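Peer 1: Test case, fold it:
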Amino acid sequence: MRKRFSNVNSNDDEADIDITPMLDVVFIMLIFFIVTSTFIKESGIDVNRPQAATATKQAKANILIAINDSNEIWIDRRQVDIRSVRPNIERLHAENPQGSVVIQADKESKTDTLIKVMDAARQAGVFNVSIAAQEQ
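Peer 2: Just a heads-up that it's a prediction; the model follows:
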């Protein structure tokens, strides 16, 4: 003889927890933090910049180019050849036309490399070119 046991709570809907409102709140918080955060662009390497008494902060510097002491050129955390500086600047300038170019040249780098990068920026159509320096 078999006994059948019936479940006292046969209604499964009462045991479910609705997590939709929690997911909505988490999603809204994620959007809030993405929108309000600021992103810092870096050239990709640390540069020992020279000091200047008249150094000022650049507000809309969106194209950062670094030249290290070995005269290697870095844009967006990758090393580039001098011939590809102009196309990279054109691409980055097309993304943000109001931005400017800031060249972070090491004080041990050659002036020749700095001038070539400045010329490439001007040939790319960006005439707001600055050289980064440390405040004294």
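Peer 1: quick one: contacts of the longest helix anywhere in the chain?
Peer 2: In the chain, taking DSSP state H as the definition, the longest helix is helix 20-36. Residues outside helix 20-36 that contact it (CB atoms under 8 Å, 6 or more residues apart in numbering): none. The way it works is simple: take the backbone N, C-alpha and C, and place the C-beta from them, glycine included.
Peer 1: C-terminal to the worst-scoring helix or strand of the chain on mean pLDDT, what's the next element?
Peer 2: Sorting the helices and strands of the chain by mean pLDDT, DSSP states H and E puts strand 51-52 at the bottom, at a mean of 65. Counting by DSSP states H and E, the next helix or strand C-terminal to strand 51-52 is strand 61-67.
Peer 1: For that next one, which strands pair with it and how are they oriented?
Peer 2: strand 73-75 (antiparallel), strand 100-105 (parallel) (DSSP bridges).
Peer 1: model confidence over the first one, on average?
Peer 2: Put plainly, it is strand 73-75. Averaged over strand 73-75, pLDDT sits at 92.
Peer 1: Let me know the pLDDT of the nearest residue to Leu92 once chain neighbours are set aside.
Peer 2: Excluding its sequence neighbours, the residue lying closest to Leu92 (CB to CB, 6 or more residues apart in numbering) is Ile63, at 4.7 Å. Listed pLDDT for Ile63 reads 86.
Peer 1: Same check on Ile89?
Peer 2: 93.
Peer 1: doesn't Asn128 make contact with it?
Peer 2: No. Between Ile89 and Asn128 there is no contact under CB atoms under 8 Å: 11.7 Å.
Peer 1: and the strands paired with strand 61-67 as a markdown table, adding mean neighbour count and distance to Met22?
Peer 2: Below are the strands paired with strand 61-67 laid out as a markdown table (neighbours: other CB atoms under 10 Å; distance: least, CB to CB, whole Å):
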| stretch | mean neighbour count | distance to Met22 |
| --- | --- | --- |
| strand 73-75 | 22 | 43 |
| strand 100-105 | 23 | 44 |
